[in-house]
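J.: starting from these lines, generate the structure:
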Amino acid sequence: MRRKTALATALSAVLSAVLGLALPSGALAQQGEEASPQPVVVELFTSQGCSSCPPADALLKQLAQRPGVIALALHVDYWDYIGWKDFFASPSNTNRQKGYAQVNGRKMIYTPQMIVMGQQDIPGSDVMGLSEAISAYQARPRPVALELQRQGGRLTVTVAPRGALPEGPIAIQLVRYTALETVEITRGELAGHQIDYANIVNDFQQVAIWDGQRASAFTVDYDGAQPAAILVQLGPFGAVLAAAQVE
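T.: Below is the predicted model of the structure:
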């Protein structure tokens with residue numbers, strides 16, 4: 001019989017209540033619009049083979065519907081050996097998680113793990129910690145101004161420093177994702193469960209490496225077939241300096 005975990009349902013309801021207070025209800029911000037929340041990037045490292053992940057997956061589904069949050073699910077492949085292969089999983093997602101761990105001096109990776117703005121590590125079920133982190137990052141001014149413009153099948157990304165930026169290469173990345181998929185899991189630790197997965201990352205495409213010294217514009221192909229976001233991130237796995245969803 002298909003099941004959805006009671007814990008996932010309960011935590012989803014708690015998240016709705018907590019983030020309903022923490023997050024404004026207006027339209028998603030473009031960088032520089034002071035009245036709207038600045039987009040906060042939340043990356044969830046998860047797996048269909050992880051028995052403790054469904055509550056975090058439910059949280060991310062709620063986050064995906066919230067203004068001011070760019071919620072991204074990155075499915076990792078290191079749980080595939082226990083009886084169920086996560087067909088959203090990618091070695092590049094696992095490498096990204098390992099990169100965050102190395103940069104931040106952590107010896108272990110785990111699921112479910114959320115990384116907020118490329119900086120803060122939060123267990124996937126810590127609703128209050130996540131709410132506080134999102135509120136804190138929305139209140140911080142972004143060090144980079146970011147503007148997006150679509151014309152035909154091309155997307156122009158314009159970035160400009162708002163002051164001195166940290167040293168190091170700054171990656172401008174186009175992240176494509178699938179908005180929602182429902183999966184019936186028939187083997188492994190979650191056998192018999194039907195789970196909704198939101199904002200499943202399909203691809204990180206490097207648009208450019210920016211030196212951060214002056215205003216610059218970069219153009220990339222984008223046909224709009226999938227929803228996407230732009231991340232401006234201190235490389236290789238550092239702080240997210242600005243972000244925006246592609247409209």
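J.: can you tell me the SS state at residue 77?
T.: Three-state assignment for residue 77 (DSSP: H, G, I helix; E, B strand; the rest coil): coil.
J.: how much space separates it from residue 234?
T.: According to Cβ to Cβ, to the nearest Å, residue 77 stands 26 Å off from residue 234. For glycine as for every other residue, the C-beta is placed from the backbone atoms N, C-alpha and C.
J.: tell me which of the two has more neighbours.
T.: residue 234 (22 against 18; other Cβ atoms under 10 Å).
J.: contact partners for that one?
T.: 118, 165, 166, 168, 169, 170, 171, 240, 241 (Cβ atoms under 8 Å, 6 or more residues apart in numbering).
J.: doesn't residue 165 make contact with the last one?
T.: Yes. Judged on Cβ atoms under 8 Å, residue 241 makes contact with residue 165 at a distance of 7.1 Å.
J.: now the common contact residues for the two.
T.: In contact with both residue 241 and residue 165: 143, 144, 234, using Cβ under 8 Å, 6+ apart.
J.: quick check: bridge partners of the second one?
T.: This points to residue 144. Beta bridges link residue 144 to residue 161 when assigned by DSSP bridges.
J.: isn't it right up against residue 232?
T.: Yes. Contact criterion Cβ under 8 Å: residue 144 and residue 232 qualify, at 5.3 Å.
J.: who has more neighbours out of the two?
T.: Using other Cβ under 10 Å as the criterion, residue 144 and residue 232 rank with residue 232 on top: 27 against 21.
J.: thanks a lot, catch you later.
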